[in-house]
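**Student:** predicted model follows, preceded by the sequence.
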Amino acid sequence: MAFYSNDIIAKLKDYTDIADVIQQFVPLKPAGTNRYTGRCPFHDDRSPSMSVNSTLGIYKCFACNAGGDVFKFIMEHEKIDFRSAIEWVAHATGFALPKLSNSAEKNETLEERELVKQLNVLATEWFEQNLTEAPEIKAYLDKRGISEETQKIFHFGFAPNKREGLLAHAIRKGFSPRQLVQAGLAVEKEHGGIADKFRDRLMIPIQNISGTVIAFGGRVLQDQAKTAKYMNSPKTILYEKGEVLFGLHQCRQGIAKAGKVIIVEGYFDVISLYQAGIQNVVAASGTALTEAHASLLSRYAKTAYLVFDGDSAGKEATKRSLEKVLSKSMSPKIYSLSRPNGEKIDPDNFIREQGPEAFLKELESAEDWLTYLIKETPHSNPEDKAKLIHHTKSLISTIPDVELQRQYLNILAERLGTEASFRGLKNSLKNSRPKIKSEEANFETETPKIPWHTISQTEIRYLNLILQNPAVLKAASLFYDFAFVSSGISLLESPLICDILGMALLQVQETGSFNLKLLSNSLSEEGKEILFALPEENWNENAAIKEFLEMTLDFEKRFIERLRLKSEDIDLKLELTNFASKLKRLLVESKKTRTSPNNLLQQILDYRNDILLFNQTLQGN
């Protein structure tokens, strides 16, 4: 599969302020220069444990250890692959990505996807404009209690009763009738010609998880015997109804926050609940709940409330959904809504008649799935009871958690008098998880474990001093010149710190400037972790330069002492001892007096040349 080049990815990362992206999902508070804190969305964070560094372009949670760059955040939060995360960030920031071409997804396919996206945007805007000019539709929405704010959030629109309304509008914009058929917005008539698919219907766009309109649902205003109440877009290159959940774009944060999702049947069920403040709700898009739906929801929720109609069709839909939900490690709970007289009612009408508080109270009384299944399945005779036990054990076998399987088997054994095991179970549903196949999997890396106990805090401060002070970085570039670096001498003892410092100095030498984000991009995961952990500190420039020079002098002395220990030549050992003493006297003198930084730098550079000679002598021996 073709992929974006490393250069493009680096440019996008540099272009993006990670804090701006994360703030779309998590409120952040300033905690220093280009640093922020917020509650981590990847665990139940009761106090702000996540730190975001815009300068480095990375985030880190110090409670659950989640961390990485902007792409890693979007991958983890939106549950998408690396390529999709790149495209998500590019779309969010307005960064223009190049088109990809490969054998698996040809240019024609990419162009068709873009065409359908453009037509869906065009249609959405046209439908919305029509709604402003249709007072009877506004009156209908007012009657149903749908506020103007909610209408805007869900992009309500209206398709007028015209054979070529949208069609004519799209043609004027440069599109062809055949392209509208491709997008599912027009149909070919039996006796020839092409006409609008949606006519005289209230239009509700269907959005994917990122908010892109991929399809539409159209509702008639007056129920008619010969006309379907709802009409959905057909399958297109963007839309597969078994993979899309209506309302997930608007409610994904609410679902993640609650750890629970309410699954309903209709568009207006979702919309009314959302408007009432219950914003962890979704609906299947014109189909029964699928495995893909359940897999998507399991990324956000641990509990799924199934709220289907109480008729026989609704009960069967509930039972079919159990397998999908259980196999994705979610706990299903079931309940149906009623009026005070016992009449069954859908969530939309319940909210309008009894309000959100009553709805949430009903939610508390939801039945666990096992109780519901036993209650709703006939088992008065041995044959039916055996079928129920067999089916229930098959469902239990799909639960990934083995201990939870045991607990449910024990409950089933107590209630129906069966054996608490899967023995004798035939054709059970396979407890298997789909394997993720992704060529981008190599981009996902675990947060490294840094051996902090092996790294000197003095060396960490030295690195921080250089990276956060331009004047110090300039002085460091003079000291660590090509001759010194190419000699292989390492004044510092930590390889990680040496690597980071080396990459920073190399960037300055090659580009004449320094950018922390670019440095971060060039480092290993361990290097990035070190960078992120560097504390923020404000230095006076002169004081910072003097501290750098004195620390460098001290590192020179330590290096000479290490050379002395390695040397077996008595005369060389004596020279190294005397030289170390000279370095120590200069360090003491600098700390006691106000030695000019320029004079101190020159002496350190001179001593550096002596160190090069000592090192060569030792290697010659």
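**Tutor:** All right, it came through fine. Numbers count the residues shown, from 1 in each chain.
**Student:** just the pLDDT for Ser380.
**Tutor:** Predicted confidence (pLDDT) for Ser380: 91.
**Student:** kindly report the same for Val588.
**Tutor:** For Val588, the predicted pLDDT is 88.
**Student:** what's the local residue count around it?
**Tutor:** 10 (other Cβ atoms under 10 Å). Any C-beta I mention is one placed from the backbone N, CA and C, and that applies to glycine too.
**Student:** please identify the helix or strand for it.
**Tutor:** According to DSSP states H and E, Val588 maps onto helix 570-592.
**Student:** who's in contact with that helix?
**Tutor:** The contact list for helix 570-592 (Cβ atoms under 8 Å, 6 or more residues apart in numbering) reads 546, 549-550, 553-554, 556-557, 560-561, 563-564, 567, 595, 600, 603, 607, 610, 614, 617-618, 621.
**Student:** and if we set it to 7 Å?
**Tutor:** Contact with helix 570-592 is made by 550, 553-554, 556-557, 560-561, 563-564, 567, 595, 600, 603, 607, 610, 614, 617-618, as judged by Cβ atoms under 7 Å, 6 or more residues apart in numbering.
**Student:** in CSV, list the C-alpha atoms belonging to that helix.
**Tutor:** Taking Å, rounded to 0.1, in the frame of the first residue of the first chain, the C-alpha atoms of helix 570-592 are listed here in CSV:
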residue,chain,number,x,y,z
ILE,A,570,53.0,5.8,35.0
ASP,A,571,54.2,9.0,33.4
LEU,A,572,51.0,9.5,31.5
LYS,A,573,49.0,8.8,34.7
LEU,A,574,51.0,11.6,36.5
GLU,A,575,50.4,14.0,33.6
LEU,A,576,46.7,13.3,33.7
THR,A,577,46.6,13.7,37.5
ASN,A,578,48.3,17.1,37.2
PHE,A,579,45.9,18.1,34.4
ALA,A,580,42.9,17.1,36.4
SER,A,581,44.1,19.3,39.2
LYS,A,582,44.6,22.2,36.9
LEU,A,583,41.0,21.8,35.7
LYS,A,584,39.7,21.6,39.3
ARG,A,585,41.6,24.8,40.3
LEU,A,586,40.0,26.7,37.3
LEU,A,587,36.6,25.4,38.3
VAL,A,588,37.1,26.6,41.9
GLU,A,589,38.4,29.9,40.8
SER,A,590,35.4,30.4,38.5
LYS,A,591,32.9,29.7,41.2
LYS,A,592,34.6,32.1,43.7
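**Student:** angle of the helix or strand following that helix against helix 570-592?
**Tutor:** Per DSSP H and E, the first helix or strand lying C-terminal to helix 570-592 is helix 597-620. Note on geometry: by axes from the mean of the first three to the mean of the last three Cα atoms, to 10 degrees, helix 597-620 and helix 570-592 are set 160 degrees apart in direction.
**Student:** so which elements touch helix 597-620?
**Tutor:** helix 470-479, helix 541-566, helix 570-592 (3 or more Cβ pairs under 7 Å, 6 or more residues apart in numbering; DSSP states H and E).
**Student:** got those as JSON lines, with distance to Phe198 columns?
**Tutor:** Output for those, formatted as JSON lines (distance: least, Cβ to Cβ, whole Å):
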{"stretch": "helix 470-479", "distance to Phe198": "61"}
{"stretch": "helix 541-566", "distance to Phe198": "67"}
{"stretch": "helix 570-592", "distance to Phe198": "81"}
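**Student:** now for this protein, the helix or strand with the poorest mean pLDDT.
**Tutor:** helix 482-486 (a mean of 73; mean pLDDT, DSSP states H and E).
**Student:** list the buried ones in that helix?
**Tutor:** Phe484, Val485 (16 or more other Cβ atoms under 10 Å).
**Student:** make a ChimeraX selection of the buried ones in the contacts of helix 570-592.
**Tutor:** Provided next is the ChimeraX selection string for whichever of the contacts of helix 570-592 are buried by 16+ other Cβ under 10 Å:
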select :550,553,554,556,557,560,563,564,567,595,600,603,607,614,618
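**Student:** low-confidence stretches in the stretch 101-250 of the chain?
**Tutor:** 101-110, 223-226 (pLDDT under 70).
**Student:** how about the stretch 501-621 of the chain?
**Tutor:** Those would be 594, 619-621, if you go by pLDDT under 70 across the stretch 501-621 of the chain.
**Student:** count of residues packed around the closest residue to Gly157 other than its chain neighbours?
**Tutor:** The shortest distance from Gly157 to any non-neighbouring residue, by Cβ to Cβ, 6 or more residues apart in numbering, is to Phe127 (2.4 Å). Neighbour count of Phe127, defined by other Cβ under 10 Å: 25.
**Student:** tell me the contacts of Phe127?
**Tutor:** Phe127 touches Gly157, Phe158, Ala159, Met203, counting by Cβ under 7 Å, 6+ apart.
**Student:** how about the helices in the stretch 401-550 of the chain?
**Tutor:** Listed from the start of the chain, the stretch 401-550 of the chain has helices (DSSP state H, counting those that start in this stretch) covering 402-416, 457-467, 470-479, 482-486, 495-511, 516-522, 525-533, 541-566.
**Student:** hang on, the earlier thing: Provide the secondary structure category for the residue nearest to Gly157.
**Tutor:** helix (DSSP: H, G, I helix; E, B strand; the rest coil).
**Student:** mind listing what's buried along the helix or strand that contains Asp384?
**Tutor:** Secondary structure from DSSP H and E places Asp384 in helix 382-397. With burial defined by 16+ other Cβ under 10 Å, the residues of helix 382-397 counted as buried are Lys385, Leu388, Ile389, His391, Thr392, Lys393, Ser394, Leu395, Ile396, Ser397.
**Student:** do the same with stretch 255-262
**Tutor:** Neighbour-count burial for stretch 255-262 [16+ other Cβ under 10 Å]: Ile255, Ala256, Ala258, Lys260, Val261, Ile262.
**Student:** contact partners for the third one?
**Tutor:** Translated: Ala258. Asn280.
**Student:** please apply the same query to the fifth one.
**Tutor:** Contact partners of Val261, counting by Cβ under 7 Å, 6+ apart, are Ile255, Asn280, Val282, Leu297, Tyr300, Ala301, Ala304.
**Student:** would you say the first one is within a strand?
**Tutor:** No. In this structure, Ile255 is helix, not part of a strand, as judged by three-state DSSP.
**Student:** so where does Gln279 fall, helix or strand?
**Tutor:** Per DSSP H and E, there is no helix or strand for Gln279.
**Student:** and it, how far from Tyr305?
**Tutor:** 14 Å (Cβ to Cβ, to the nearest Å).
**Student:** just Phe95 next, same as before
**Tutor:** From Phe95 to Tyr305 the distance is 39 Å (Cβ to Cβ).
**Student:** neighbouring contacts of the helix or strand where Lys13 lies?
**Tutor:** Element membership for Lys13 (DSSP H and E) is helix 6-15. Contacts to helix 6-15, defined as Cβ under 7 Å, 6+ apart, come from residues 57, 69-70, 86, 89-90, 93, 95, 97-98, 517-518, 521.
**Student:** wait, which of the residues you listed is closest to Leu248?
**Tutor:** Leu248 lies nearest to Val89 out of these, by Cβ to Cβ, at 19.6 Å.
**Student:** what number of residues lie near the closest one?
**Tutor:** Around Val89 there are 23 residues (other Cβ under 10 Å).
**Student:** so it makes contact with Val21?
**Tutor:** Yes. Counting by Cβ atoms under 7 Å, Val89 touches Val21, with 6.4 Å between them.
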